[in-house]
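J.: coordinates only, sequence not included:
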């Protein structure tokens, strides 16, 4: 009997990091904590290994890497290797038995949310943290397209930047097993990040919340400055806020996503209501207490639902706050870029 390689999120806990990668393991833990997480499932690293073995892609990659040898230390060879290896992976069709299993989980997800061909996000989930090295695909619809995007997430383990990262860290060049999170897309009115510590000062008495209209990917381009709120943990009062003139945002299209102009009436308006901000802070502090350490978290407000059911969480992990930046906005812009590229 073939080894299990797809898991429902409620089957996972944080200790399953090596099985499904950090992102998927944390999503499972969040489900067990009672947090609102978009429905979905996780593809384990065994799925990657099985695909590579049954299609022969793994052998082809090993042969290429062995023949390339030390030349892979040259940047131009890394660029070529990324192109060649990704072509090897993406040229393979998923074996029929694997495809049937993945179809089954996608059909179950569609049935759960009551929508055929439900739009999903396919996000990489590495057992070893490689921020921003691999790719995410959003607004993916239909079982055949989900299969195609899962294969492309696997191949993104061999982007030029990922190859350079593994060489620098002394990791195996021919083998890069990663998990994949497949989550229902949230109809995002706005999205952002929350840190239960001020990143530049290490002040543990404050929570920092930043967000923008639409999907979080707008921050990646650097074209927008998000709204920013600093809240006192004890009193829950907003001690400072900056409502930015937000001109651009990322939204759904029929297929994929697009960067569009923010409607004029929304450009200078806070992307969060006060009750939503307070709910974000309340849950963030609960999660910080659960893990007994400051957290950085990713949230989305669903435009199709009412408060408080409209608040979804798609990531939590230990916050990094020792690195000194010139100001919070610089750190958070970098953080959002890193998160939404994962």
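T.: Received, thanks. In this text, all values refer to a predicted model and were calculated from it rather than measured experimentally. Numbering: from 1, shown residues only.
J.: in which helix or strand would I find the residue of the chain most remote from its centre?
T.: Centroid-distance maximum for the chain: residue 67 at 34.0 Å, with CA atoms, centre = their mean. In this assignment (DSSP states H and E), residue 67 forms part of helix 57-68.
J.: name the helices or strands packed onto that helix?
T.: Contacts defined by 3 or more CB pairs under 8 Å, 6 or more residues apart in numbering; DSSP states H and E place helix 57-68 against helix 45-55, helix 75-90. From N, CA and C alone the C-beta is placed, and that goes for glycine too.
J.: if you set the cut-off to 7 Å instead, what comes out?
T.: helix 75-90 (3 or more CB pairs under 7 Å, 6 or more residues apart in numbering; DSSP states H and E).
J.: related to what we said a few turns ago, now do the helix holding residue 67, average pLDDT.
T.: What helix 57-68 shows for mean pLDDT is 94.
J.: mind listing what's buried in that helix?
T.: 57, 58, 60, 61, 64, 65, 68 (16 or more other CB atoms under 10 Å).
J.: so what's residue 47 up against?
T.: By CB atoms under 7 Å, 6 or more residues apart in numbering, the residues touching residue 47 are 5, 6.
J.: hmm, I was thinking of residue 53
T.: Taking CB under 7 Å, 6+ apart as the test, residue 53 contacts no residue whatsoever.
J.: show me where the stretch 1-150 of the chain has strands.
T.: Here the stretch 1-150 of the chain has its strands, by DSSP state E, counting those that start in this stretch, at 6-8, 40-43, 120-126, 136-140.
J.: winner for burial among the ones you listed?
T.: Counting by mean count of other CB atoms under 10 Å, strand 40-43 has the highest mean neighbour count of the strands of the stretch 1-150 of the chain, with a mean of 26.
J.: quickly run through the sheet partners of it, with directions.
T.: Next to strand 40-43 in the sheet, as set by DSSP bridges, lie strand 6-8 (antiparallel), strand 178-184 (antiparallel).
J.: what would those look like in CSV with mean pLDDT?
T.: Compiled in CSV, the strands paired with strand 40-43 are given as follows (pLDDT from 0 to 100):
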stretch, mean pLDDT
strand 6-8, 98
strand 178-184, 96
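J.: mind checking what helix or strand follows the helix or strand containing residue 287 in sequence?
T.: If you go by DSSP H and E, residue 287 is part of helix 274-291. Reading on from helix 274-291 to the C-terminus, the next helix or strand found by DSSP H and E is strand 295-302.
J.: fine by me, we can end here.
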